[in-house]
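Asks: Below are the sequence and a predicted model; questions follow.
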Amino acid sequence: IYFSMFEEINKKNMIDFKRYLINNFSPKTAANRCIAMNKFCDFSGKPEYKVKSIKIHKSTTVENVITKEQCQRMLDGLRADGNDKGYWMIMFLSRTGARVSELVQMDKKCLIKGVFELWTKGKIRKILIPDRLIQESREYFSTVEGDLLFPSKYGGKMTTRGVAECINRWAKKYGIPKEVAHPHSFRHLFAIEFLKNNNNIALLADLLGHESVDTT
C-alpha cells in the first residue's frame, strides 16, 4: 500500500501513511501495517524515518457474555422441561466460575468438602462450591450414578465439546442469542456478578484461577 501512495521513504511520507492507516483501517490492522513499515525502514537502513507505533485501546469490557436474565431464562426452560442434568450444569458453571474443562472433571467429593481441587499448570487449582448450591443440588446428585457430577451417557467424562453443543442447543430452544451460548460465557457472568457485590479484584482473580490480576 505504501508504495502505491509514495515513491520514496522519508519522514513526511511515513507520517502521512500512518495517518492514512488510522483513518481507513481497524486499530489492529493499522498497527500491524505501521509495524511492518517501521521494520522495512530498519531493513532499508533508514531507521530515522520510523514513526511511533499505533496504540490499540484495550477494551475494559467483555463481549458476548450471557446476561443474568438470559441465564435465568435458560435455567427456567431446563427446569420446566425436566432436564435436571442441564439445569445443574448451568448452575455450577454460573455459580462457581469454573471452566468447562474443570466442570467435566468435578466429582462428588467436592459436595462434601465444599471445594473441587485439581492439579493444573504445576499447581493446585481450587474451585469453591457455595454451600447453598451444595444444599440445593444434593437431592439431584443422590440419583446420579458414579463419582462424577456430570457423567456422559456412557458413565465417563463428558467432552468439553459435548457440553458446548448442549448449551448451544438449549440456547436455540429458549430464544437466547447464539453469540452468548458458549460455556465460557457463564464464567464471565460469574465474574461480573461477583464484582457487583464485591469490588475485590484480587479475590476474584484467585477464584477464577488467574495467574495475573491483569487477566481478570
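Replies: Great, that's in hand.

Asks: contacts for stretch 135-155?
Replies: 84-85, 88-89, 91-92, 103-111, 156-159, 162 (CB atoms under 8 Å, 6 or more residues apart in numbering). Every residue, glycine included, has its C-beta placed from N, CA and C.

Asks: And it, what's buried?
Replies: For stretch 135-155, the neighbour count (16 or more other CB atoms under 10 Å) marks 137, 144, 148, 149, 150, 151 as buried.

Asks: try stretch 175-195
Replies: The neighbour-count check on stretch 175-195 (16+ other CB under 10 Å) flags 176, 180-183, 185-192, 194 as buried.

Asks: wait, which of the residues you listed is closest to residue 16?
Replies: The nearest member of the buried residues of stretch 175-195 to residue 16, counting by CB to CB, is residue 188 at 41.1 Å.

Asks: just for the chain, where's the confidence low?
Replies: Within the chain, the segments meeting pLDDT under 70 span 57-63, 216.

Asks: Nearest the geometric middle of it, what residue?
Replies: residue 184 (4.5 Å; CA atoms, centre = their mean).

Asks: Verify the contact between it and residue 100 for me.
Replies: Yes. Under the criterion of CB atoms under 8 Å, residue 184 makes contact with residue 100 at 7.1 Å.

Asks: Overlap in contacts, the two.
Replies: What both residue 184 and residue 100 touch, as defined by CB under 8 Å, 6+ apart, is an empty set.

Asks: can you pull out the strands in this protein?
Replies: With DSSP state E as the criterion, the chain has strands at 115-120, 123-128.
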